[in-house]
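Q: Just the structure for this:
(chains A and B)
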Amino acid sequence: MNTFSALVKREVLDGKNGYIRVPVILTGITLILMVLSSLGLGSFMTFDGMKQEGINNLADVLNTLANKEPGDMSAGITGIYWLATGLVWVAFPFVIFFSLLGALYEERRDRSILFWKSMPVSDWQEVVAKFFTPVIMTPLFFLGVVIAAQIFIATFLSMLMVVQGGPVLGLWPLSLMVSSWLTFVVHYTLWLLWALPVLAWLLFVSSYASRMPFLWAVLAPIVLIVVEAMFFRSNMIANWFGLHLGGWQGEAYGALEGHIDGPDQAMQMLLGQAALEGLRYTLGSVQFWIGLVISGGLVFGAIKMRQRAL
Amino acid sequence: MTDTTDSLPVIRARNLSKSFGKFRALKDVSFEVPLGRIVGVIGANGAGKTTLLNSILGLGSYEGDLSVLGLNPSRQRGRLMRDVCFIADIATLPKWMKVEEVLDYVQSVHPRFNRSKALDFLARTNIPRGRLIRALSKGMTVQLHLAIVMSTDAKLLVLDEPTLGLDILFRKQFYQSLLEEYFDETRTVIITTHQVGEIEHILTDVMFIKDGRILLEANMDELTGQYTEVMVAPGKEQEAMALGPISTGTTFGKTTCVYKDIDREKLAGLGEIRRLGLADIFVATITGEEQ
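A: Here you go, the predicted model:
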């Protein structure tokens, strides 16, 4: 286990720009903009041009809300925290994509593979670590940064409310915040398991391509899709990619019953029923299991390539 | 104890072959390397040296039977690397890492790495520990690599052109630390280099390779004892030719003849004699092969 954690640590160190700097910088920019816009742009104590009777600033909005719909207030606040930290998730898939694509390619390009191979670490350990780090460590780092940012936002708004006279406690729907973080983990895990064959394809390309892994990763499937469309007039390959990269959610959650009325119910649905429903659909899907088998094959292929690589 | 270690060679190859497409880089090579030797693998570019070393290290596939420290290198590379270390002909330390981070990494994956020993070696160089490998000079990178290798207590060390691109001072220093700090009778070193003259005094054995075949495997003392060069005294040319030199030449207007397996005392009568250098022996062997 010591070896594995050393490998993961090395991978994180190698990719620290993507894993750590990108989320920290993007979140930093968001937070700075938020603080500046609340403090520096004239709306510190009163909203400009606010027509609504009796509502002059954020505190009044929150007070009104807290009195009317306390449940919706908690859910709304949690939702706002996620929205406010939404920018980092734009970068998220890119970090995973490029980390996997470089995983077994860069070490061959700069020949450091000869040094790694001079260490008592087997090729399967290396490949597993190089698969594990992008798909597991990326969300953990991103989530860590997001959690820190949400706590920062809550603290900042609390201070604002102290000055403006708003509901400070209402800004800390802690149990909801924590369960939203856990929900992220659950939904990401499901998403990951579905996307695994596509991600394993990227890893395999990085173990195989002698140059331009990006073109291999992207063009090869596109060519297959085009050929299929031209000669067979079908789009099974495209559908397969679509299904594994999120299309499954339509099937899984399409059956969710009930109408959503307000943020509170939406949040409850997301946290409880949806996760269960997703898991149930996933485990029962033949496509899902075939995908896992394909992933296993591709990772095995990557290990074989790593054994021969110089 | 001595018997078992003596009877078990560090490397044993039987009919080792390797092809790249139609090109056969190694052709049915068989040899053994016993414990406690420093073996020089000498050959021209493309002779198959690196292919041979890569097979021994489990880098890439091969056909035939190969056992290194009792292990199968192609299937057990991870295990093998606990006792084997190598430096390839190009700088392979990860350029994005800091010196300190490389040490951390090796320490956490290598059960036999002695960090304080490595730090000891580094203290004698001017390599800053916080610097990126990328920012080190070629010489410093090799020094760092050697420091790591010598601190891992490897039983077999494989060096493929380790001093390529280094200046003469570094090269001397490199081989000196290898002899003084690393080598003893429980360890084995295999080394290839084009600067044959610089390593011949440290070698115990040599292996000449040409076109994927081993031309010659010999003990250094025996081999250099076989060859004698004579600077023939004026008037003795006919006598010299009669003894059948394997090659002749002219230096400073005098004829020089190279003999193999001819008694030195007999040759001493012909003129000034000296031992032949390894590089010349290699050339003589290769040309002898071609004739």
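Q: Shouldn't B:Val230 be within a strand?
A: Yes - membership of B:Val230 in a strand is supported by DSSP: H, G, I helix; E, B strand; the rest coil.
Q: Which of the helices or strands spans A:Ser37?
A: Using DSSP states H and E, A:Ser37 falls within helix A:22-39.
Q: For that helix, buried residues please.
A: Buried residues in helix A:22-39, counted by 16 or more other CB atoms under 10 Å in any protein chain shown: A:Val22, A:Pro23, A:Val24, A:Leu26, A:Thr27, A:Thr30, A:Leu31, A:Met34. In this view, the C-beta of every residue, glycine as well, is placed from N, C-alpha and C.
Q: from what I can see the last one touches A:Ile153, true?
A: If I follow you right, that is A:Met34. Yes - using CB atoms under 8 Å, A:Met34 makes contact with A:Ile153 at a distance of 6.9 Å.
Q: Would you mind listing the residues touching both of those two?
A: When CB atoms under 8 Å, 6 or more residues apart in numbering or on different chains defines a contact, the residues bordering A:Met34 and A:Ile153 alike are A:Ala84.
Q: Where do the helices of the stretch 101-250 of chain A begin and end?
A: A:106-109, A:113-116, A:123-132, A:138-164, A:174-208, A:213-232, A:236-242, A:248-254 (DSSP state H, counting those that start in this stretch).
Q: if I look at the residue in the stretch 51-200 of chain B positioned nearest to chain A, how far off is B:Ala154?
A: Scanning the stretch 51-200 of chain B for the residue nearest chain A gives B:Gly78, at 3.2 Å (criterion: CB to the nearest CB). According to CB to CB, to the nearest Å, B:Gly78 and B:Ala154 sit 14 Å apart.
Q: These two - which one has more neighbours?
A: B:Ala154 (23 against 19; other CB atoms under 10 Å in any protein chain shown).
Q: Now do the phi/psi pair for the residue of the stretch 1-150 of chain A found nearest chain B.
A: Going by CB to the nearest CB, chain B is nearest to A:Ser122 of the stretch 1-150 of chain A, at 3.2 Å. Torsion angles at A:Ser122 (phi, psi; degrees, to the nearest 10) stand at phi -80, psi 160.
Q: Number of residues surrounding it?
A: 20.
Q: ok, it to B:Met81 distance?
A: Distance from A:Ser122 to B:Met81, by CB to CB: 9 Å.
Q: what residues are up against A:Met177?
A: Neighbours of A:Met177 in contact, by CB under 8 Å, 6+ apart: A:Thr78, A:Tyr81, A:Gln150, A:Ala154.
Q: what's near enough to touch the closest residue to the second one other than its chain neighbours?
A: It refers to A:Tyr81. Of all residues not flanking A:Tyr81 in the chain, A:Gln150 sits nearest, at 4.3 Å (CB to CB, 6 or more residues apart in numbering or on different chains). By CB under 8 Å, 6+ apart, the contact set of A:Gln150 is A:Tyr81, A:Trp82, A:Ala84, A:Thr85, A:Met177.
Q: what sits up against stretch B:102-117?
A: Residues from elsewhere that reach stretch B:102-117, judged by CB under 8 Å, 6+ apart: A:2-3, A:5-7, A:9-10, A:119-121, B:82-83, B:93-94, B:97, B:118-119, B:129, B:133, B:144, B:148, B:150-154.
Q: Just those residues: which are in strands?
A: Per DSSP state E, strands hold no members of those.
Q: hmm, which of those residues are the buried ones?
A: Buried among these (16+ other CB under 10 Å): A:3, A:6-7, A:9-10, A:119-121, B:82-83, B:93-94, B:97, B:118, B:133, B:144, B:148, B:150-154.
Q: Okay, buried residues for the helix or strand following the helix holding A:Ser37 please.
A: Counting by DSSP H and E, the element after helix A:22-39 in chain order, helix or strand, is helix A:58-68. By 16+ other CB under 10 Å, the buried positions in helix A:58-68 come out as A:Leu58, A:Ala59, A:Asp60, A:Leu62, A:Asn63, A:Leu65, A:Ala66.
Q: I'd like those residues written out as JSON lines, with distance to B:Gln238 and pLDDT added.
A: Output for these, formatted as JSON lines (distance: CB to CB, whole Å; pLDDT from 0 to 100):
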{"residue": "A:Leu58", "distance to B:Gln238": "113", "pLDDT": "74"}
{"residue": "A:Ala59", "distance to B:Gln238": "117", "pLDDT": "75"}
{"residue": "A:Asp60", "distance to B:Gln238": "121", "pLDDT": "75"}
{"residue": "A:Leu62", "distance to B:Gln238": "116", "pLDDT": "77"}
{"residue": "A:Asn63", "distance to B:Gln238": "121", "pLDDT": "76"}
{"residue": "A:Leu65", "distance to B:Gln238": "118", "pLDDT": "74"}
{"residue": "A:Ala66", "distance to B:Gln238": "119", "pLDDT": "73"}
